[in-house]
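Visitor: Structure for this input, please:
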Amino acid sequence: MAAAGTLYTYPENWRAFKALIAAQYSGAKIQVLSAPPQFHFGQTNKTPEFLKKFPVGKVPAFEGDDGFCVFESNAIAHYVSNAELRGASPEAAAQVIQWVSFADSDIVPPASTWVFPTLGIMHYNKQATEYAKEEVKRVLGTLDSHLKTRTFLVGERVSLADITVACTLLWLYKQVLEPSFRQPYGNVNRWFVTCLNQPQFRAVLGEVKLCEKMAQFDARKFAENQPKKEKPPKEEKKQQQPEKKQPQPPPEPEEELDECEQALAAEPKSKDPFAHLPKSPFVLDEFKRKYSNEDTLTVALPHFWEHFDKEGWSIWYAEYRFPEELAQTFMSCNLITGMFQRLDKLRKNAFASVLLFGADSGSSISGIWVFRGQELAFPLSPDWQVDYESYSWRKLDPESAECKTLVQEYFLWEGRFQHVGKAVNQGKIFK
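Guide: Residues are numbered from 1 along each chain as shown. Okay, here's the model as predicted:
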């Protein structure tokens, strides 16, 4: 029997589109509450009544007519789907989950970094945007290769894999993937348009216009989206006049952003997680410049050990806990890339060299991390806690021969790596 219930969201939420399109295929009856007075994003989802059903206050959130409640868009889309969308066999179901996970880990981070500034909800950073463009090219290349001999991502019909990946790519195609950029990825373009033309997609998305010219950062729109700063109160005069009630300005219109976008827009007000630590003489950015621009062995490493402050910083060895799950090396490398992207706000207070060893179906991941302070940095911010528990962490003594050897080997990407027993395949630097 098809599910039935209420979906709480805000207008044009691409995450909610996944469930609504799935419902079109399965026949699930969904009532959408996305606007006042029934639902006011930023207010309704913070009430005790809402939080009792959905403790994290996220949208989209789904409440079944039978009282069943579930949040997180992928979980909702899965619940309102039918067996065909979820994968008709164990193998197909696993592949569906694979592409759903791929969308979250590999598409969302670079897409957000590139698209959000064009929507005025995130400041433009040239280096981050250029990196995101290259990541989008990599993602599109992966999809293009997979779709070379396939109409859809899994099997011969639309599945949750297609719905999820298409919705995740939606803003890229609408905002920045101009014809010249997307031209090399003909298989992806053909598949994306095929999905958009399905009646079930059109019922939710309507007519989608593909980008004709790459959108750019809009500084004026970004400034308008920033929270207004309150003026400091004036000093009271000795002979204070009776206080007159001033008319209050109308409230700012609520920005209809999802939880990720809302956090990005509120970023300037966030507290520095490292503010409680004393100043350190070790300047990480100075070492990063040496590492990026000069010889690692003769310049960067001596600089590191000469200036490293063992009281203000710590060095850690990390190893991926589930090597048996690592199949193809490109997917293993994507794990590292995804983690780095989600830790973008940590870059000023951390440096890492993480390496992939071995080959397909026989690889491992480990690395050396340098953090501000004497503890792991990840618990300092909820945004940093997605990946780190998948690794085992061991604090190293900077004075020990083991630490000196590991730092040199991992920073150089060469050495004996006796503790690994495999050759270096490739690596990533977090800086």
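Visitor: Show me the helices in the stretch 101-250 of the chain, by range?
Guide: 108-119, 126-146, 160-175, 179-182, 186-196, 199-205, 219-225 (DSSP state H, counting those that start in this stretch).
Visitor: A35 touches P11, doesn't it?
Guide: Yes. Counting by CB atoms under 8 Å, A35 does reach P11; the two are 6.5 Å apart. To be clear about C-beta, it is placed using only N, CA and C from the backbone, and glycine gets the same treatment.
Visitor: okay, the two: which has more neighbours?
Guide: A35 (13 against 10; other CB atoms under 10 Å).
Visitor: export the helices of the stretch 101-250 of the chain to TSV and tack on mean neighbour count and distance to V299?
Guide: TSV is the format used below for the helices of the stretch 101-250 of the chain (neighbours: other CB atoms under 10 Å; distance: least, CB to CB, whole Å):
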stretch	mean neighbour count	distance to V299
helix 108-119	22	31
helix 126-146	17	22
helix 160-175	23	40
helix 179-182	14	38
helix 186-196	18	43
helix 199-205	16	53
helix 219-225	13	38
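Visitor: so which of these gets nearest E91?
Guide: helix 160-175 (12.7 Å; CB to CB).
Visitor: Can you give me the neighbour number for T6?
Guide: Counted with other CB under 10 Å, T6 comes out at 16.
Visitor: Quickly note the distance from it to F54.
Guide: Distance from T6 to F54, counting by CB to CB, to the nearest Å: 12 Å.
Visitor: Then R15?
Guide: Applying CB to CB to R15 and F54 gives a distance of 14 Å.
Visitor: okay, those two: which has more neighbours?
Guide: More crowded of R15 and F54, by other CB under 10 Å: R15, with 23 against 19.
Visitor: That one against F62, yeah?
Guide: No. Taking contacts as CB under 8 Å, R15 lies outside contact range of F62: 11.6 Å.
Visitor: could you measure the most centrally placed residue in the chain against P382, distance?
Guide: Most central in the chain under CA atoms, centre = their mean is P109, positioned 3.7 Å from the mean C-alpha point. Distance, P109 to P382, using CB to CB: 16 Å.
Visitor: same thing with A161?
Guide: Taken as CB to CB, the span from A161 to P382 is 28 Å.
Visitor: tell me the contacts of the residue lying closest to E212 once chain neighbours are set aside?
Guide: Using CB to CB, 6 or more residues apart in numbering and skipping the chain neighbours, the partner closest in space to E212 is E178 (6.5 Å). Going by CB atoms under 8 Å, 6 or more residues apart in numbering, E178 touches 211-214.
Visitor: State the pLDDT value of E178.
Guide: Note for E178: predicted pLDDT of 93.
Visitor: got it, and the one 3 residues further on?
Guide: We note a pLDDT of 94 for F181 in this prediction.
Visitor: Hmm, A215 and it touching each other?
Guide: No. Using CB under 8 Å, F181 makes no contact with A215, being 11.7 Å away.
Visitor: which residues does S353 bridge with?
Guide: I368, I429 (DSSP bridges).
Visitor: Relative to I429, how far out is it?
Guide: 6 Å.
Visitor: And these two? Which one has more around it.
Guide: S353 (23 against 17).
Visitor: Next up, the contacts around that one.
Guide: 367-368, 410-411, 413, 427-430.
Visitor: number of nearby residues for K52?
Guide: 9.
Visitor: That one looks like it's in a strand, true?
Guide: No. Going by DSSP: H, G, I helix; E, B strand; the rest coil, the assignment for K52 is helix, not a strand.
Visitor: Okay, now the unreliable bits of this structure?
Guide: Residues of the chain meeting the criterion pLDDT under 70: 1, 218, 220-270.
Visitor: Quick one: the strands in it, in order.
Guide: 4-8, 29-33, 61-64, 69-71, 313-320, 350-359, 362-372, 391-396, 424-430 (DSSP state E).
Visitor: could you dump the ones you listed to JSON lines with distance to R342?
Guide: Listed next are the strands of the chain as JSON lines, based on distance: least, CB to CB, whole Å:
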{"stretch": "strand 4-8", "distance to R342": "26"}
{"stretch": "strand 29-33", "distance to R342": "30"}
{"stretch": "strand 61-64", "distance to R342": "23"}
{"stretch": "strand 69-71", "distance to R342": "20"}
{"stretch": "strand 313-320", "distance to R342": "15"}
{"stretch": "strand 350-359", "distance to R342": "13"}
{"stretch": "strand 362-372", "distance to R342": "15"}
{"stretch": "strand 391-396", "distance to R342": "13"}
{"stretch": "strand 424-430", "distance to R342": "11"}
